[in-house]
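Novice: heads up, no residue letters with this:
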């Protein structure tokens, strides 16, 4: 009796989002860009409790029961089978058309323990986390009544220690990891600000080895020559104010020009 070999898992392949050229000094490097992050949020759908079919959200009707009734009665003009909210449950579609249903009690049992406020769990060096783990969900932290002194002490202590805090926040049924750090704001007189930024979980960042593979080793002499070329690129303190979105700027200019023309035309018509 021969034993069949277990099929090996297929290698995950990622599609490049853009092919372009990375220009640096006199060198142009052909490159491809790949999405580095992915969401692993679990999406639950409305499901008909009676038959386990995913409901059509816009009308909350069951396509399976609709087809079954029309087939049984031989009339495709029969109205859809509407489902009342109390007859719908949540479900997770793990494969196309295959759904696991979950009761409200079961979902409630998975919710994080309710915690009041943001709990700081550890302190890290301020540059210990790669920026790829930061999301775009970022907030300034300002003092509430009675919190001015405490927040100032936290901010100045983190800045003096060149450190950042890692905290946890439970909000709307989600547990979020926050990086709490300080930054200087203002072009003239600078002010110390506290920022709380939601972080990605480790599984939300793709493995670069799986996406693009390892970089080819290069001789030290070639690296030294390239470093000399990099030295000719301007090295200066980064100022974000020097960068702007050109499309947004031109679009705003166009809108402003047209708005001005409309206002002038309206004023002219009112005078005449």
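Specialist: Now that the structure is in, tell me what you want to look at. Keep in mind the model is a prediction, meaning the values are calculated, not measured. Numbers count the residues shown, from 1 in each chain.
Novice: just how off-centre is the longest helix anywhere in the chain within its chain?
Specialist: Looking across the chain with DSSP state H, the single longest helix is helix 246-271. Taking CA atoms, centre = their mean, to the nearest Å, the mean C-alpha location of helix 246-271 is offset from the chain mean by 36 Å.
Novice: Equivalent analysis for stretch 25-35, please.
Specialist: Per CA atoms, centre = their mean, the centroid offset for stretch 25-35 relative to its chain is 25 Å.
Novice: ok, and what's touching that stretch?
Specialist: 14-23, 206, 211-212, 226, 229-230, 232-233 (CB atoms under 8 Å, 6 or more residues apart in numbering). Yep, even glycine has a C-beta here, placed from its N, CA and C like the rest.
Novice: Any quick PyMOL command for the buried ones out of the residues you listed?
Specialist: Here is the PyMOL command that selects the buried residues among the contacts of stretch 25-35 (16 or more other CB atoms under 10 Å):
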select buried, resi 206+212
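Novice: picking that back up, quick one: mean pLDDT for the longest helix of the chain?
Specialist: For helix 246-271, the per-residue pLDDT values average out at 82.
Novice: Mind giving me the packing neighbours of that helix?
Specialist: Based on contacts counted as 3 or more CB pairs under 8 Å, 6 or more residues apart in numbering; DSSP states H and E, there is no element that helix 246-271 packs against.
Novice: on that earlier part again, inside strands: which ones of the contacts of stretch 25-35?
Specialist: Among the contacts of stretch 25-35, the residues falling in strands (DSSP state E) are 18, 19, 20, 21, 22, 23.
Novice: so who does the third one touch?
Specialist: It refers to residue 20. Counted by CB under 8 Å, 6+ apart, residue 20 has contacts 30, 31, 32, 33.
Novice: Can you give me the distance of the first one to residue 212?
Specialist: Relative to residue 212, residue 30 is positioned 13 Å away (CB to CB, to the nearest Å).
Novice: and if you look at the third one?
Specialist: In this view, residue 32 and residue 212 are 8 Å apart by CB to CB.
Novice: End to end on stretch 163-177, go ahead and measure it.
Specialist: 17 Å (CA to CA, to the nearest Å).
Novice: which SS state does residue 65 fall under?
Specialist: helix (DSSP: H, G, I helix; E, B strand; the rest coil).
Novice: In this structure it contacts residue 82, no?
Specialist: No - here residue 65 does not reach residue 82: they are 9.7 Å apart, not a contact under CB atoms under 8 Å.
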